[in-house]
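In: Predicted coordinates and the sequence they were generated for:
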Amino acid sequence: MQAKLPIIVLAQFYCTSLWFATNAVIGGLVEDFYLETTDVSYLTSAVQFGFISGTLLFAILNLADRFSPSKLFFWCAVSGSLINLALTVHSNTLVSLLIIRFCVGVLLAGIYPVGMKIAADYYQKGLGTALGYLVGALVLGTALPHLIKFFSGSLDWQVVIYCTSALAFLGGLSILLFVPDGPYRKPGLQVKLSAFFDVFKNKELKSAAFGYFGHMWELYTFWAFVPLMLAAVSEYSNYEVNISGWSFLIIAIGGIGCVIGGYLSVSGGVKQIAFISLSISGMCCLLSPIAFSYLPTELFLTFLLIWGFTVIPDSPLFSTLVATHAEAQTKGTALTIVNCIGFSLTIISIQLTQYLLDIFATPLVFLVLVIGPLFGLMSLKKVRI
């Protein structure tokens, strides 16, 4: 079974490159399709809304438990890769681009949480380590289009879209061919519309899920505003910051944190390592206004690297706790539901932070992120494992 993990991780890495494919080529999209600069955020939000809608649909219909997770992953990956190619059609408008990105988001609901379901069906012991690799692959996968764009140089932006589509197709095919359904899978045989609510009747699972929700309140908002923080520091200091390069490093270093956190959880305990990670990132939230205002640029960049390293390792550990406490027949549904709600909260957190920044224009606004870690830590204390 150990041989399956690298294939699952690589497939997840390839397929999640679809997530931010447009972010790496936004200049080309703006120029070729006559978009406004303000349209950029709509394309990103369309994927998030698509993912939320997809996870809700998958959860209500229990798709990850009723059908073969490996085949479901394959069909979603292939469909996502083909729809992603539609971005290169010359007659696209803003509306058609939004629809394309929304559909890709829906199909990502059959890739990210279903990938965790596949791993959970193979690993009962060491699941935290396995999911650490998977979430690390997600982190790196989201940054992959930027690397493709960097290496493609002066080539047309469509090259990035072709590459991410090809990689997603390859990832889905590798799961279909080399990763059959795991030995610990217990399929659910019928639609159970109440499953969305029944999941939270399990007190241990609910506490783990609430911890994950607190983590998500912080995570994507931090990632979203890293470029803004770097741009502000670059503007008000004598230190010229490479915003795209440092943004990549600060986000990508979280992938390493996921892998290390997964290994530490084997000896240190899943709950304990998640608590430590969330505590440190929460402390970074609390200290961020001071760091932003008073630290020299070099030390502030180091501070952001520490924050980036610790903001994500608890994610796979919370998913491990959810999978551990879920019933075998509804494990995939539970993971999907928790993802759905968690990603919904990211939109609220991002929009609230942006709204407060528009009003107050001060780094004190980032203190609103502390709400997530505090809530997550209080919920995590209630989990017994």
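Out: Nice, I can see it. Remember, it's a predicted structure, so these values are computed and weren't measured experimentally. Numbering: from 1, shown residues only.
In: Please make it C-alpha for all contacts and neighbour counts, starting now.
Out: Fine.
In: Quick check: phi and psi at K382.
Out: The phi and psi values for K382, taken as degrees, to the nearest 10, are phi -80, psi -10.
In: which one is it nearest to, not counting chain neighbours?
Out: Leaving aside its sequence neighbours, K382 sits nearest to S207 (Cα to Cα, 6 or more residues apart in numbering; 6.2 Å).
In: Measure how buried the one you found is and give me the count.
Out: If you count neighbours by other Cα atoms under 10 Å, S207 ends up with 24.
In: Could you verify my assumption that it touches L377?
Out: No - using Cα atoms under 8 Å, S207 makes no contact with L377, being 10.0 Å away.
In: Do I have it right that H146 meets A24?
Out: Yes - counting by Cα under 8 Å, H146 does reach A24; the two are 5.1 Å apart.
In: Could you pull up the residues touching the nearest residue to D314 once chain neighbours are set aside?
Out: Take D314 and drop its neighbours on the chain: the residue closest to it by Cα to Cα, 6+ apart is A274, 4.5 Å away. Contact partners of A274, counting by Cα atoms under 8 Å, 6 or more residues apart in numbering, are 261, 313-315, 317-318.
In: Please narrow those to those residing in strands.
Out: Counting by DSSP state E, no part of the contacts of A274 is found in strands.
In: can I get these in CSV with neighbour count and pLDDT?
Out: Putting the contacts of A274 into CSV (neighbours: other Cα atoms under 10 Å; pLDDT from 0 to 100) gives the following:
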residue, neighbour count, pLDDT
G261, 29, 93
P313, 29, 94
D314, 31, 95
S315, 25, 93
L317, 32, 93
F318, 29, 93
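In: wait, which of these is closest to K203?
Out: Closest to K203 out of these is F318 (14.4 Å), distances taken as Cα to Cα.
In: Surely L18 is in contact with F102?
Out: No - with contact defined as Cα under 8 Å, L18 does not count as touching F102 (11.6 Å).
In: element containing L29?
Out: Element membership for L29, per DSSP states H and E: helix 26-32.
In: which residues sit against the following helix or strand past that helix?
Out: The element immediately downstream of helix 26-32 (helix or strand, assigned by DSSP H and E) is helix 39-60. Outside helix 39-60, the residues within contact range by Cα under 8 Å, 6+ apart are 19-20, 22-23, 26, 64, 94, 97-99, 101-110, 191-196, 333-334, 336-337, 339-341, 343-344, 347.
In: who's sitting farthest from the centroid in this protein?
Out: Distance from the centre of the chain peaks at N238, with 33.7 Å (Cα atoms, centre = their mean).
In: how far away is it from P296?
Out: Going from N238 to P296 by Cα to Cα, to the nearest Å gives 10 Å.
In: burial count for Q354?
Out: By other Cα under 10 Å, the residues close to Q354 number 17.
In: How about K125?
Out: K125 has 11 neighbours, counted by other Cα under 10 Å.
In: Can we start the residue count at 287 from this point?
Out: Yep, numbering from 287; the last one is K411 now.
In: Quick check: it vs D351, distance?
Out: Distance, K411 to D351, using Cα to Cα: 20 Å.
In: same question, A510
Out: Between A510 and D351 the computed distance is 33 Å (Cα to Cα).
In: okay, the two: which has more neighbours?
Out: Neighbours were counted for A510 and for D351 using other Cα under 10 Å; D351 has more, 26 against 14.
In: tell me which element the more buried one is part of?
Out: Per DSSP H and E: D351 is located in helix 349-352.
In: What's the mean pLDDT across that helix?
Out: In this model, helix 349-352 has a mean pLDDT of 80.
In: before we move on, back to that, got phi/psi on the residue farthest from the centre of the chain?
Out: phi -90, psi 0.
In: How far does the longest helix along the chain sit from its chain's centre?
Out: Using DSSP state H to define each element, the chain has its longest helix at helix 489-522. Put simply, helix 489-522 sits 11 Å off its chain's centre (Cα atoms, centre = their mean, to the nearest Å).
In: Which secondary structure elements does it sit against?
Out: The helices and strands touching helix 489-522, judged by 3 or more Cα pairs under 8 Å, 6 or more residues apart in numbering; DSSP states H and E, are helix 529-554, helix 556-580, helix 600-611, helix 617-646, helix 657-666.
In: tilt between that helix and helix 556-580?
Out: Counting by axes from the mean of the first three to the mean of the last three Cα atoms, to 10 degrees, helix 489-522 lies at 20 degrees to helix 556-580.
In: which of the contacts of helix 325-346 are buried?
Out: With burial judged by 16 or more other Cα atoms under 10 Å, the buried subset of the contacts of helix 325-346 is 305-306, 308-309, 312, 350, 380, 383-385, 387-396, 481-482, 619-620, 622-623, 625-627, 629-630, 633.
In: roughly how far out does the helix or strand harbouring P399 sit from the chain middle?
Out: Here P399 is covered by helix 398-408, with elements defined by DSSP H and E. Distance, stretch centre to chain centre, for helix 398-408: 15 Å (Cα atoms, centre = their mean).
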